[in-house]
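S.K.: any chance you can model this:
(chains A and B)
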Amino acid sequence: MESKYGLIAKFQTKRKPSPVIFNNKNGASEPKRISLSNDQTFDKNKNKIKLSMQEQRQRLPIYEKRNKLLELIRRHSTLIILGETGSGKTTQIPQYINSARLQNNGKIAITQPRRVAAISVAIRVAQEIGDGLGVGETVGYTVRFEDVTSPRTKIKYLTDGMLLREAMVDNLLMEYTVIILDEAHERTIHTDVLFGIVKQAQKTREEKKLRPLKILVMSATMDVDHFSEYFNNCQAVYLEGRTYPVNVYYTLTPHEDYQTACVATFFKIHKQAPSNHDVLIFLTGQEEIEAVAQQIRVLARDPDVGGPAVKVCPLYASQPTTQQMAVFQPAPENTRKVIIGTNVAETSITISGVRYVIDSGMVKARTYHPATGLDMLKVQRISQEQSWQRTGRAGREAEGFCYRIYTRSQYESLQKSTIPEIQRANLSTVAIQLLALGIHAVYFDFMDKPLKDSITAAFEQLKLLGAVDGVESKCLTSLGKKMVQFPLDPRFSKIILSASEYGCVEEILSIVALLSGESIFVNAPSKREQAFTARQKFLSPYGDHLTLLNAFRVYNKLSSNNQRSWCHEHYIHMRNISYAAQVRNQLLEICQRLEIPIVSCGNNTDQVRKCLVTGLFTNVAELHKEKQYITVDKRQVVSIHPSSILHGQQPHFVLFTEVVQTAKFWHSKDFQIYGCSTLKIKQ
DNA sequence: CTAAGTATA
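M.R.: Residues are numbered from 1 along each chain as shown, chains lettered A, B, ... in the order given. Now for the predicted structure:
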């Protein structure tokens, strides 16, 4: 098998990839999911007609159906609304309900899987509603760290995770008379749990003759029957979107080396398409994206290749924000922009100007193995749903083209839908949250049941942590009740709750906060050397946890106007470290509420490592032979990930935060452990 | 031949 590093070398010798042959038919024979609309406001020409906000609202395809929709919502206690991209369902439906006062004296909740979406939609709707009051009054939002609502708020946008938190305080969600679960097709773990909670709340409120709860489930057009069946065969209504047709092409033969095929396809497009038509390539990860970006840059400079200049924009979530912004800036005159992205570009980030999509057909996805307790991050084929999602990205503003680096029959053999997150995640957080609501996960009404083994594994972990007395237990111990207060994996909640015993609450709060977000260390492949050198300043011989703490201690002593430049100099991720500081504040508040004394161990940081073991006791590995470790718990062979400070050293015992298998095939030596600390076991 | 998809509380 050829490695992706070999490819760079091959391309640097300016050899061009061989052409990829596509079929000539477009995707018109595919299920018709992409429909045409002639709306002028979407024209990309420069004399765009300026419309008032109210005119814009009236031009949305949903506007004509307003009365019909309201009638359906009034009549049904549960309704499924299928809406294509651009139908305006997220912004308009809550306003329609509000102006018809269907919520009576309660509130309308609309959940979103992502914070940015909840915030930006709320701001938009607050403007549209035109009462001049701005966000936080009639229309508000609630996300972690930010509650922009008032007692007068009628329409409240929130993240699905936030509504789940609220349900843990009041499982009947009495504050709301209408709950809209938006983007339900994404099937986030939080939305899946909310399905059951909201359904039960509606039933209980009816039985107890409390004020009724109306449920709207909004989704892209997929798997209606599945949703409807779960919600007692409720009715579904379809809303037309506003997108343009996309011509879909398949390769005639399978391409195992999808990276090279993507590059070749890009240059095929590059030669013929006008330079202001941007291209979006879907690939799987940072390393791969940077490699392909480099190949395209090199080839684009080759005079033999021809075509306009090329601006290459890599796009993945862990990029520094400034780099990510480059994606939104239009390319200069006579220059083609090509965005090479992960699945962030599928849902989270929308880029205008894209007319061509190249879909590798691959995605990196996480799966959880209850038997071993191990996570895998594996490159695998996308689902058919996902491939249409990617295709749709070419038709947001005008007719587009999508080149699929797989054959039609390969497409047909893809699984129809993506496996919902709840079926491929560690369930200990879900299990403890449901217990706080008095429900054992085994008896919970899931739309798609998680694996029995996953639930069992979760309960075994909760038992070891002392959150429950037994795996059948339907209530939490007093420790468990404290643990569930924290917005954390139960293992980390446990560590915080043990910290006062070890006299290191200050330090543990910092470390847990740092571990609960993304890495604060910048890890761009091109700057690896410099980043490594800069990191030496914070290095602790005891490993990554204390190294993180050292960096965080320095950061906290800086005045706020020095933080940015300090982060830049030390290859620290500004966004991630300031996020960790916010998380720490939140955790600190919870500790104060629980009356935990906030003590520090100063330089006696041995206490910190001892304390970490109280939650991560299953995450211990022993040196087995040269560079090879074996986990004490499940006897799995692992090795230290190169990002760890302890990589290259061989302490006898290590404590780690996480194990992940990253390679394409199942070789035991491919399991790597992240976030390592040395561990001396005293006799 | 050393390198983590995306979210969230």
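
S.K.: for stretch A:509-524, buried residues please.
M.R.: Residues of stretch A:509-524 classed as buried: A:509-517, A:519-524 (neighbour count, 16 or more other CB atoms under 10 Å). For the C-beta atoms, the positions are set from N, CA and C on the backbone; glycine is no exception.

S.K.: before we move on, what about stretch A:456-468?
M.R.: A:Thr456, A:Ala457, A:Ala458, A:Phe459, A:Glu460, A:Gln461, A:Leu462, A:Lys463, A:Leu465, A:Gly466, A:Ala467, A:Val468.

S.K.: now that stretch: how far from the chain's centre is it?
M.R.: Here stretch A:456-468 is found 26 Å from its chain centre; the criterion is CA atoms, centre = their mean, to the nearest Å.

S.K.: can it be said to contact DNA strand B?
M.R.: No. Figure legend: stretch A:456-468 not in contact with DNA strand B (CB under 7 Å from any atom of the strand); closest approach 14.0 Å.

S.K.: near DNA strand B too, which of the buried residues of stretch A:509-524?
M.R.: The subset of those within reach of DNA strand B, counting by CB under 7 Å from any atom of the strand, consists of A:Ser516, A:Gly517, A:Ser519, A:Asn523.

S.K.: list the contacts for whichever residue of the stretch 151-300 of chain A sits closest to DNA strand B?
M.R.: Nearest to DNA strand B in the stretch 151-300 of chain A, going by CB to the nearest atom of the strand, is A:Gly285, at a distance of 2.2 Å. Taking CB atoms under 8 Å, 6 or more residues apart in numbering, we find A:Gly285 in contact with A:Tyr316, A:Thr342, A:Lys364, A:Val379.

S.K.: now do the residue lying closest to the first one once chain neighbours are set aside against DNA strand B, distance only.
M.R.: Put plainly, it is A:Tyr316. Nearest non-adjacent residue to A:Tyr316, counting by CB to CB, 6 or more residues apart in numbering: A:Thr342, 4.7 Å away. Distance of A:Thr342 to DNA strand B, given as CB to the nearest atom of the strand, to the nearest Å: 4 Å.

S.K.: does stretch A:387-402 come close to DNA strand B?
M.R.: No. Stretch A:387-402 does not reach DNA strand B (CB under 7 Å from any atom of the strand); its nearest approach is 12.8 Å.

S.K.: which parts of that stretch are buried?
M.R.: A:387-396, A:398, A:400-402.

S.K.: cool, stretch A:537-546 as well?
M.R.: Using 16+ other CB under 10 Å as the test for burial, stretch A:537-546 gives A:Phe538, A:Ser540, A:Tyr542, A:Gly543, A:Asp544, A:His545, A:Leu546.

S.K.: got those as a markdown table, with pLDDT columns?
M.R.: Below are the buried residues of stretch A:537-546 laid out as a markdown table (pLDDT from 0 to 100):
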| residue | pLDDT |
| --- | --- |
| A:Phe538 | 94 |
| A:Ser540 | 94 |
| A:Tyr542 | 94 |
| A:Gly543 | 94 |
| A:Asp544 | 95 |
| A:His545 | 96 |
| A:Leu546 | 96 |
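
S.K.: a markdown table for those, including secondary structure and distance to DNA strand B?
M.R.: Putting the buried residues of stretch A:537-546 into a markdown table (DSSP: H, G, I helix; E, B strand; the rest coil; distance: CB to the nearest atom of the strand, whole Å) gives the following:
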| residue | secondary structure | distance to DNA strand B |
| --- | --- | --- |
| A:Phe538 | helix | 15 |
| A:Ser540 | coil | 16 |
| A:Tyr542 | coil | 18 |
| A:Gly543 | strand | 13 |
| A:Asp544 | helix | 9 |
| A:His545 | helix | 13 |
| A:Leu546 | helix | 16 |
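
S.K.: before we move on, the earlier item: so which of the buried residues of stretch A:509-524 are in helices?
M.R.: Counted as lying in helices by DSSP state H, out of these, are A:Leu509, A:Ser510, A:Ile511, A:Val512, A:Ala513, A:Leu514, A:Leu515, A:Ser516.

S.K.: closest to A:Asn276 among the residues you listed?
M.R.: The nearest member of those to A:Asn276, counting by CB to CB, is A:Ser516 at 42.5 Å.

S.K.: excluding chain neighbours, what is closest to the closest one?
M.R.: A:Val583 (5.6 Å).

S.K.: quick one: the one you found and A:Ile577, what's the gap?
M.R.: Separation of A:Val583 from A:Ile577 (CB to CB, to the nearest Å): 11 Å.

S.K.: that older thread, let me see the confidence value for the residue nearest to A:Ser516.
M.R.: You'll see A:Val583 listed with a pLDDT of 96.

S.K.: same question, A:Phe11
M.R.: Looking at A:Phe11, its pLDDT reads 33.

S.K.: list, one by one, the residues from the stretch 201-350 of chain A near DNA strand B.
M.R.: Residues of the stretch 201-350 of chain A lying near DNA strand B (CB under 7 Å from any atom of the strand): A:Thr284, A:Gly285, A:Gln286, A:Glu287, A:Glu288, A:Tyr316, A:Ala317, A:Ser318, A:Thr342, A:Asn343, A:Val344, A:Ser348.

S.K.: ok, back up a step: what sits against the residue nearest to A:Tyr316?
M.R.: By CB under 8 Å, 6+ apart, A:Thr342 lies in contact with A:Phe282, A:Leu283, A:Thr284, A:Gly285, A:Gln286, A:Ile289, A:Leu315, A:Tyr316, A:Ala317, A:Lys364.

S.K.: swap the cut-off to 10 Å and go again
M.R.: Listed by CB atoms under 10 Å, 6 or more residues apart in numbering, the contact set of A:Thr342 reads A:282-286, A:288-289, A:314-318, A:348-349, A:363-364.

S.K.: now restrict those to buried residues only.
M.R.: By 16+ other CB under 10 Å, the contacts of A:Thr342 give A:282-286, A:288-289, A:314-316, A:318, A:349, A:363-364 as buried.

S.K.: overlap in contacts, A:Val583 and A:Ile577.
M.R.: Residues touching both A:Val583 and A:Ile577 (CB under 10 Å, 6+ apart): A:Ala513, A:Leu514, A:Gly517.

S.K.: out of the residues you listed, the closest to DNA strand B would be?
M.R.: For those, the nearest to DNA strand B is A:Gly517 (6.7 Å; CB to the nearest atom of the strand).

S.K.: could you check which helix or strand contains the residue lying closest to A:Glu507 once chain neighbours are set aside?
M.R.: Distances taken as CB to CB, 6+ apart place A:Val608 nearest to A:Glu507, at 4.9 Å, with adjacent residues excluded. Assessed by DSSP states H and E, A:Val608 sits inside helix A:606-616.
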